[in-house]
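Trainee: Build the 3D model from these lines:
(chains A and B)
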Amino acid sequence: MTDRFESILDESISALQAGVPIEDILAEVPDYAAELRPLLYAATLVANPNPELIPDERKAVLRAEYLQQAADLTPITPTYREKLKAVTRIIKRRTSRQAVVSDLVTITVTVILTLAMVAVILNFMAADSIPGDFLYGIKRSSENIQLIFTLSEERQQALIDEFNNRRIDEIDKLIEENRAAVVEFRGTLEARGEDLWIVEGYNISLPPDVDLEGDPQEGNRVEVIGLLRKNNLIVADSIKKID
Amino acid sequence: MEDELSLLERIKRHDQQALAEVHDRYFDKLYHYLSYRLGDSEAAADLAGEVFLALIRALKRNNPPKTSLTGWLYAVARNLAADYIKKQVNTVPLLEDFAADEPSLADQAYLSQLAPTIKAALVKLTEEQQHVIALRFGQGLSLAETAQIMDKSVGAVKALQHRALASLARFMPSEIDYDG
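Mentor: The predicted model follows:
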């Protein structure tokens, strides 16, 4: 009981020193209030919130007297052994368990914060990239991470649709810039010829070794992965029915 | 700011700059401590000056503080205060500015009712209890800081603080109505 009471007393004193009124402190610990009350009043009475300052002149005189006496001391040059001892002590302090843990925590926090900052900057820079750009992989990785951490199925589907709209925009931009690149998108199969299909308005060429999955028919939603050529034709690598 | 251990190493080598820094760093704290213990600012200034001269003497005798400079300085101040108090007849430490920051009316009433008694009671505590009260409430030091200066465990200081406040509380008149 004593240990517990002493801890409560000390916490109450800390609250008192922080300006909390005695009765508010006691209300927090009603079981101990009767015993605490006189002690806290005693603590209030012996507190010294405004210590008296010594006049500067008096302090200066005492300091001068002290320094005059100190000046009589002969400086001591440390021996080689003392220097070695001092260095050893510093090394010992730096390699103590507490110092090592503290250093590790500092390093870890610094690395995490730096990586987080770099990730935010790269993500920002990659936002407008299109397939074939140096930062495009970061844009896609960031989207995948977003999907992994989205638990709601409804929200996940909304994100998939949003990302697919980006893929379509990227293809339009590639066509506009007359660039070739590997593309991936989802869309409706609008027309199905023997070796030429139209998906979401894009002409898709089907080479003999194309990977077809699910026997997609006109009107079905499909996922296309292929190479967009400079003639605006997408040579399919795989087409998968997703309905 | 340079840590205490490095400062101690430098004063052991009689480094004049370090010796000046010790005075600048500790004088006010020791003066406040002594002023609280003695209730006499003039005597407190004299004894604070004496603490630093004691440090010079210890260095001259090649008997400097071993591990804790703060602990050593407060120990000297404590001994000087105890000797001074012993020599004073009918001296009661003064706590002129005892009131808490903007206390409520109820608290003020209690304070004025209890102040003379509690002031008188302070000197009736053991010397060690007076020391802990001066450090914790006069200097506003934390438990850990007080424990370091007194070279005791935090638990021991907690217990000492409890006993000191309980002793003071016992000196309060029994007719006081705490519930207002």
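Trainee: only C-alpha atoms for contact and neighbour calcs from this point on.
Mentor: Noted.
Trainee: Please look at B:Ala58 and B:Pro64 and confirm they touch.
Mentor: Yes: contact criterion C-alpha atoms under 8 Å: B:Ala58 and B:Pro64 qualify, at 5.3 Å.
Trainee: The two - which one has more neighbours?
Mentor: Set side by side, B:Ala58 and B:Pro64 show more neighbours around B:Pro64, with 19 against 14, by other C-alpha atoms under 10 Å in any protein chain shown.
Trainee: Which residues are in contact with the more buried one?
Mentor: Contact partners of B:Pro64, counting by C-alpha atoms under 8 Å, 6 or more residues apart in numbering or on different chains, are B:12, B:55, B:58.
Trainee: Up against chain B, what does chain A have?
Mentor: Within chain A, the positions near chain B by C-alpha under 8 Å from any C-alpha of the partner chain are A:6-7, A:9-10, A:19, A:21, A:37-39, A:41-54, A:58-59, A:62-63, A:66-67, A:69-71, A:73-78.
Trainee: The same query, at a cut-off of 6 Å, please.
Mentor: Residues of chain A lying close to chain B (C-alpha under 6 Å from any C-alpha of the partner chain) are A:38-39, A:42, A:45, A:47-48, A:62, A:75-76.
Trainee: filter the residues you listed to the buried ones?
Mentor: A:38-39, A:42, A:45, A:47-48, A:62 (16 or more other C-alpha atoms under 10 Å in any protein chain shown).
Trainee: Now tell me which of these the prediction trusts least.
Mentor: In terms of pLDDT, the lowest of those is A:Asn48, showing 73.
Trainee: From A:Val109, how far off is the nearest residue to it once chain neighbours are set aside?
Mentor: In this structure, A:Asn48 finds its nearest non-sequential neighbour in B:Gly138, 4.9 Å apart by C-alpha to C-alpha, 6 or more residues apart in numbering or on different chains. To A:Val109, B:Gly138 is 39 Å away according to C-alpha to C-alpha, to the nearest Å.
Trainee: Settle it for me: which of the two has more neighbours?
Mentor: More neighbours surround B:Gly138 than the other of B:Gly138 and A:Val109, with 24 against 12 (other C-alpha under 10 Å).
Trainee: hang on, the earlier thing: among the residues of chain A next to chain B, which ones are in strands?
Mentor: Nothing among these maps onto strands, per DSSP state E.
Trainee: Just the ones of those residues in helices?
Mentor: Counting by DSSP state H, these place A:38-39, A:42, A:45, A:62 in helices.
Trainee: Without its sequence neighbours, what residue ends up closest to residue 13?
Mentor: Going with chain A. Nearest residue to A:Ile13, sequence neighbours excluded (C-alpha to C-alpha, 6+ apart): A:Leu40, at 7.0 Å.
Trainee: ah, I was thinking of chain B
Mentor: Leaving aside its sequence neighbours, B:Arg13 sits nearest to A:Ile76 (C-alpha to C-alpha, 6+ apart; 4.6 Å).
Trainee: Wait, that neighbour touches B:Lys12, no?
Mentor: No: A:Ile76 is not in contact with B:Lys12 according to C-alpha atoms under 6 Å; the separation is 7.9 Å.
Trainee: Just the buried residues of stretch B:23-32, please?
Mentor: Buried residues in stretch B:23-32, counting neighbours by 16+ other C-alpha under 10 Å, are found at B:23, B:26-32.
Trainee: picking up where we left off before, looking at the buried ones among the residues of chain A next to chain B, spot the one nearest B:Tyr36.
Mentor: Closest to B:Tyr36 out of those is A:Asn48 (7.9 Å), distances taken as C-alpha to C-alpha.
Trainee: Confirm for me that that closest one is in contact with B:Arg136.
Mentor: No: A:Asn48 is not in contact with B:Arg136 according to C-alpha under 6 Å; the separation is 9.7 Å.
Trainee: Which residue ranges make up each domain of the chain?
Mentor: I'll assume chain A. For chain A, automatic domain parsing gives the domain ranges A:7-46, A:155-241.
Trainee: oops, chain B please
Mentor: Split by automatic domain parsing, chain B gives B:4-87, B:105-170.
Trainee: which helices and strands does the longest helix seen in chain B pack with?
Mentor: Across chain B, the longest stretch assigned as helix under DSSP H is helix B:16-38. Using 3 or more C-alpha pairs under 6 Å, 6 or more residues apart in numbering or on different chains; DSSP states H and E, the elements in contact with helix B:16-38 are helix B:41-60.
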